[in-house]
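K.L.:
Any chance you can model this:
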Amino acid sequence: MAEFGEDGSLPPLNPEDTAVPSDKAAGKTHCEVSVLNGDCGISENMVGSGSLVAPGSQTGVDNANTSAGLDTKSEIPRRSSIIKDGKQRKERKKTVSFSSMPTEKKISSASDCISAMVDGSELKKVRSNSRIYHRYFLLDADMQSLRWEPSKKEIDKAKIDVKSIKEVRTGKNTDTFRTNGTYDQISEDCAFSVIFGENYESLDLVANTADVANTWVTGLRYLISYGKHTLNMIESSQNNMRSSWLGELFDEEDTTNSKQLSICTAVQLVKKLNPGLKNVKIELKFKELHKVKDKSGSDVTKEEFIEVFHDLCTRPEIYFLFVQFSSNKEFLDTKDLMIFLEAEQGMAQVSEETSFEVIQNYEQSKEGQLKGWLSLDGFSNYLMSSECHIFDPEHKSVCQDMNQPLSHYYINASHNTYLIEDQFRGPSDVTGYIRALKMGCRSVELDVWDGPDNEPVIYTGHTMTSQIVFRSVIDVINKYAFVASEFPLILCLENHCSLKQQRVMFQHLKKILGDKLHLDPPKPEDCYLPSPNELKGKILLKGKKLGTNCTASEGEVTDEDEGAEMSQRMSIETAEQQTVALKKFQLSKDLSDLVTLCKSVEFKDFPTSFQKQKHWELCSFNEVFASRCASEFPGDFVNYNKKFLARVYPSPMRIDSSNMNPQDFWKCGCQIVAMNYQTPGLMMDLNIGWFRQNGNCGYVLRPAIMREQVSYFSANTKDSVPGVSPQLLHIKIISGQNFPKPKGSGAKGDVVDPYVYVEIHGIPADCAEQRTKTVNQNGDNPLFDESFEFQINLPELAMVRFVVLDDDYIGDEFIGQYTIPFECLQPGFRHVPLQSLTGEVLPHTLLFVHVAITNRRGGGKPHKRGLSVRKGKRSREYASMRVLLIKALDDVFKTAIQPLREATDLRENMQVIQTSKALLESSEGVYERILQTQKAAMEFHENLHDLAVKEGLKGRKLHKAVESFTWNITILKGQADLLKHARSEVQENLKQIHYAALTCKLTKGSAVSGSFGSSESKSRCSLEAIPEKAMAEEELTDEDN
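P.N.:
Just a heads-up that it's a prediction; the model follows:
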């Protein structure tokens, strides 16, 4: 093992052992260095990259930031300390990523791969002694041998015969990689191994980019399969399905049978097949082809049409994915597609019939449809279809329990709905209500004042906003209230009218809304509000209400006037003058009686509310005050919102109608967070994205930990949530398609230099962001190939946001974004449709990504699981019970310590079949013991306060005891749920193993019907990987390299 120097670097390599020079030594041109994208972890500028995940690889999507040399804080590549070049080396030919160079031919077929291998590439040869050697590898022109240089071996020995190659493995999946000291600094996506010879020796290589690694893996696998007949096979079968399909389309357009099309017609035909392409680019490609052929006319032949389509419409990243599953064929048969759908896309119980149906839906060629073959174009069509959208289609309709109390849901809410610009001088318009209601908003605001001709009007009082007639707004609400959602709509009424015009308001509301108004009084015996299902098609009025003892036609109540507060803040400067005195006004009893389940009351403090507030009473919180409550009383705020509705509205200082971050209040359980719909940006992106997850009906069920009567959750938690299993989210940003030039950006002409941010929004412990490198001068099809990993501690409250920006020295410009709740992510290879700043879908503008989530079936494998990773020794973490200092209760909770440890052990050990069997046998008993402890503890709940007082607890100790009780109950319920989920997951995994064994014919007779354990042992010979001689490479000396 090589020793590291004081600076952590390896000792310099011997001059004769050094290979290719550094970038500077090689005289690398500006064009070459400016477009590098996705360099692997051990290059001179070390930035992680990735290729697509192959089936059977031992690890899932790797985190790009684990590659050495990436400074995660500054995100600037730093020089590697792993390899130090000893002396200046002579210049050698350099290689770059094929897809990174705009002028290079893209790799989009097997023949392209073979051609690139003959030209050669710089690769890094990895040895188990932590040494890494730069070598130049190439395929002999006769395709019989793989050679490398420089080497001290004789020229005839510095090679591997292609026919001796047994296997080509992707990733770091040999002992040489696993025992190498630089394992963590080598990108999984750039690494591959050639297993060769009778002793199964391994040649372990790392490419500069994922594209180069894919090129070699694809080419070598073709050579292994077809040997010296590879080119003949490729030439005979290459693109037959594509050529016949395109030929038919060409002939349909060639109505004169002239064997040619005008260039205009040819351009439109290519555009029809790939709408994202620009006409100018297609036409330029035809003209370039004609120029190369010295062709004088502009008409296009069938061969030219097919060639241009091949060059413009073949996406290399999809081609490399395609060949990983095609078994070195130019198509996927039904079995190949089955493996892809199940292993990568997370489909359950996939059959050949399922695959055949996909082929019939997306394959264009008649040959493919008849034979059940999916060509590269059909595969691309499938990946770009709605079936491969990143958003789970189950969430496009109402999919949550809608029978919970109203206070258990987040409610899509609008602030100053009537405004279409800022809230101080902006115009008011009924279109604000139409837009909000069509977007699924379930809480709109009406700020009503006396108007001319005895007609109330709506506007922001004490400001210069324009006015709209109250009656016209009610007409619009009546028309659009239930267009987007059938669930209850809340009208937040700020009433500033005289008694005379209040009567007019009452008449309009009764006459126009009629039976839609909910007028049934709350039931005193109920403890919670009705459910959304019970209130379907109903409109609830939120406002001030007279006391039940009021018998007169009117009475006095306090005024709610957000406009006055804003006006005062605009006109004063000193902070101490910013308190607004509560005014009194006369309220009509008729109007008061329309308010039933949403009576507006003033909030004083949490203890008062817990004792006196009724479940039908609603408090409105100024953003600033709500933030203070969230910061100082996070637990109380969450508990308050379990029973009562809380509305949070923007600070009056937001005169530009900017938005607050709704996540700051959703994490406290606040149901109604009023947003300025007229102001686009990050905050509205979060709001719109969040409410997509339940059919965009305007209601989203809050996390269980925020609904249960006894549970512990702090809004400001910066650690894992008790009773909730954290999930690891792996996201690979693969490529982009058709990024438009940002609006208003003219400094760079039509040039786009895109990069991508991946943001996680949720509780403080989950908030994070990562960005890719910039791809220079390529907005049409930039390749990023970068992987990121995020730990999600509370998945139910997390959102993922993809943002694409244009890198500009003046200031980065916004291109597009897409925001999606974590629970709506589909695993596997997915396309993300980007949206503009104002929320419109950008036509044909997509991100291509891979999503994998550990502990969820499909879409990749758990990070660092299995033999491919050296696991560090880590002590197992067990859930703990807190001491209450109440003896009777502490004794009860002590009985849970052992079953909690057993539950954790069972869950942690469920990775192999034998331990999975143990979980199935033992989990039910452990589960029951945990539930018994929980049930016994809950019997003390009602008398908890009295018990604590008897034990002499008071003040802070009493509060701590109550908090510890809720913590312990949360732990017990959470661990029981996790064990129950683990049991279900094991059962599902065993089913998949069973189906896979049947599909692959690895079991027979009783092996199928018997236990999975016996099935595994009987089929072990079939499932074992090709053996490798672990020490073969180690036995070679440095002289051999």
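
K.L.:
all contacts plus neighbour counts: C-alpha atoms, from now on.
P.N.:
Noted.

K.L.:
Identify each buried residue in the lengthiest strand in the chain, please.
P.N.:
Assignment by DSSP state E gives strand 841-853 as the longest strand of the chain. For strand 841-853, the neighbour count (16 or more other Cα atoms under 10 Å) marks 841-842, 844-853 as buried.

K.L.:
Going by residue numbers, what spans are strands in the stretch 501-650 of the chain?
P.N.:
Secondary structure of the stretch 501-650 of the chain (DSSP state E, counting those that start in this stretch): strands at 539-543, 554-558, 584-588, 598-601, 617-622, 646-649.

K.L.:
For the third one, which strands pair with it and how are they oriented?
P.N.:
When pairs are called by DSSP bridges, strand 584-588 turns out to pair with strand 554-558 (antiparallel).

K.L.:
re earlier: show me what secondary structure element comes after the longest strand of the chain.
P.N.:
helix 887-894 (DSSP states H and E).

K.L.:
Now that following helix: buried residues?
P.N.:
Buried residues in helix 887-894 (16+ other Cα under 10 Å): 889-890, 892-893.

K.L.:
I'd like to know which elements it is packed against.
P.N.:
helix 913-938 (3 or more Cα pairs under 8 Å, 6 or more residues apart in numbering; DSSP states H and E).

K.L.:
What is the helix it packs on packed up against?
P.N.:
Checked by 3+ Cα pairs under 8 Å, 6+ apart, helix 913-938 has helix 887-894, helix 897-908, helix 956-999, helix 1012-1018 packed alongside it.

K.L.:
Also compute the angle for it relative to helix 956-999, please.
P.N.:
150 degrees (axes from the mean of the first three to the mean of the last three Cα atoms, to 10 degrees).

K.L.:
For whichever helix or strand comes after helix 913-938, list the C-alpha coordinates in PDB.
P.N.:
Going down the chain from helix 913-938, the next helix or strand is helix 944-950, by DSSP H and E. What follows is helix 944-950, C-alpha atoms only, in PDB (Å, rounded to 0.1, in the frame of the first residue of the first chain):
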ATOM      1  CA  LEU A 944     -50.900  12.900  33.400                       C
ATOM      2  CA  HIS A 945     -51.000  16.400  34.900                       C
ATOM      3  CA  ASP A 946     -52.300  15.200  38.300                       C
ATOM      4  CA  LEU A 947     -49.700  12.400  38.400                       C
ATOM      5  CA  ALA A 948     -46.900  14.800  37.700                       C
ATOM      6  CA  VAL A 949     -48.100  17.200  40.400                       C
ATOM      7  CA  LYS A 950     -48.200  14.200  42.900                       C
END
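
K.L.:
From here on, call the first residue 43.
P.N.:
Understood, numbering begins at 43; the last thing we discussed is helix 986-992.

K.L.:
shouldn't residue 204 be in contact with residue 182?
P.N.:
No. If you go by Cα atoms under 8 Å, residue 204 and residue 182 don't touch, sitting 9.9 Å apart.

K.L.:
Which one's more surrounded, these two?
P.N.:
residue 204 (20 against 17; other Cα atoms under 10 Å).

K.L.:
any idea how far the more buried one lies from residue 187?
P.N.:
5 Å (Cα to Cα, to the nearest Å).

K.L.:
Apart from its chain neighbours, what residue comes closest to residue 469?
P.N.:
residue 508 (4.9 Å; Cα to Cα, 6 or more residues apart in numbering).

K.L.:
roughly how far apart are the one you found and residue 420?
P.N.:
Residue 508 is 55 Å from residue 420, by Cα to Cα.

K.L.:
if you count what's nearby, which of those two comes out ahead?
P.N.:
residue 420 (24 against 18).

K.L.:
For the more buried one, which non-adjacent residue is spatially closest?
P.N.:
residue 405 (4.2 Å).

K.L.:
middle-most residue in this structure, spatially?
P.N.:
In the chain, the C-alpha nearest the mean C-alpha coordinate belongs to residue 842, at 4.7 Å (Cα atoms, centre = their mean).

K.L.:
give me the beta-bridge partners of that one?
P.N.:
If you apply DSSP bridges, the partners that residue 842 bridges to are residue 802, residue 862.

K.L.:
That one contacts residue 864, correct?
P.N.:
Yes. Using Cα under 8 Å, residue 842 is in contact with residue 864, at 6.1 Å.

K.L.:
Restrict the strand or helix carrying residue 478 to CA atoms and write it as PDB.
P.N.:
Counting by DSSP H and E, the element that carries residue 478 is helix 473-480. Taking C-alpha atoms only, helix 473-480 is exported to PDB below (Å, rounded to 0.1, in the frame of the first residue of the first chain):
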ATOM      1  CA  THR A 473     -60.100  37.900 -13.200                       C
ATOM      2  CA  GLY A 474     -58.000  37.500 -10.000                       C
ATOM      3  CA  TYR A 475     -60.800  35.300  -8.500                       C
ATOM      4  CA  ILE A 476     -61.300  33.400 -11.800                       C
ATOM      5  CA  ARG A 477     -57.600  32.500 -12.000                       C
ATOM      6  CA  ALA A 478     -57.300  31.500  -8.300                       C
ATOM      7  CA  LEU A 479     -60.400  29.300  -8.400                       C
ATOM      8  CA  LYS A 480     -59.300  27.600 -11.600                       C
END
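
K.L.:
And stretch 402-421, end to end?
P.N.:
11 Å.

K.L.:
May I see the buried residues of it?
P.N.:
402, 404-407, 409-411, 414-421.

K.L.:
tell me the mean pLDDT for that stretch?
P.N.:
For stretch 402-421, mean pLDDT is 93.

K.L.:
which among the buried residues of strand 883-895 gets closest to residue 740?
P.N.:
Top of the list for closeness to residue 740, among the buried residues of strand 883-895 and by Cα to Cα, is residue 883 at 20.4 Å.

K.L.:
looking at it, the closest one is touching residue 874, isn't it?
P.N.:
No. With contact defined as Cα under 8 Å, residue 883 does not count as touching residue 874 (10.7 Å).

K.L.:
And the pLDDT at the spatially most distant residue from the centre of the chain?
P.N.:
In the chain, counting by Cα atoms, centre = their mean, residue 594 sits farthest out from the average C-alpha position, at 57.8 Å. We have a pLDDT of 84 for residue 594.

K.L.:
Next, find the distance separating it from residue 537.
P.N.:
With Cα to Cα as the criterion, residue 594 and residue 537 are 19 Å apart.

K.L.:
re the thing from before, let me have the helices and strands packed on helix 955-980 in CSV, extended by mean pLDDT and distance to residue 869.
P.N.:
CSV is the format used below for the helices and strands packed on helix 955-980 (pLDDT from 0 to 100; distance: least, Cα to Cα, whole Å):
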stretch, mean pLDDT, distance to residue 869
helix 929-936, 84, 39
helix 939-950, 81, 23
helix 998-1041, 79, 16
helix 1054-1060, 40, 27
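
K.L.:
Below-threshold pLDDT in the stretch 543-692 of the chain: ranges please.
P.N.:
602-624 (pLDDT under 70).

K.L.:
Apply 80 and report the result again.
P.N.:
593, 601-625 (pLDDT under 80).

K.L.:
which stretches of it form helices?
P.N.:
Shown for the stretch 543-692 of the chain, the helices assigned by DSSP state H, counting those that start in this stretch span residues 604-613, 631-635, 648-654, 665-674, 676-682.

K.L.:
hmm, who's touching the third one?
P.N.:
Around helix 648-654, the neighbours that count as contacts under Cα atoms under 8 Å, 6 or more residues apart in numbering are 645, 678-679, 682.

K.L.:
Could you identify the buried members of those residues?
P.N.:
So, by 16+ other Cα under 10 Å, the buried ones in the contacts of helix 648-654 are 678-679, 682.

K.L.:
Just name the closest of the residues you listed to residue 176, please.
P.N.:
Nearest to residue 176 among the buried ones among the contacts of helix 648-654, counting by Cα to Cα, is residue 679 at 60.1 Å.

K.L.:
Next, find the distance separating the closest residue to the closest one other than its chain neighbours from residue 735.
P.N.:
Spatially, and ignoring its direct neighbours in sequence, residue 679 is nearest to residue 710 (6.0 Å; Cα to Cα, 6+ apart). Going from residue 710 to residue 735 by Cα to Cα gives 19 Å.
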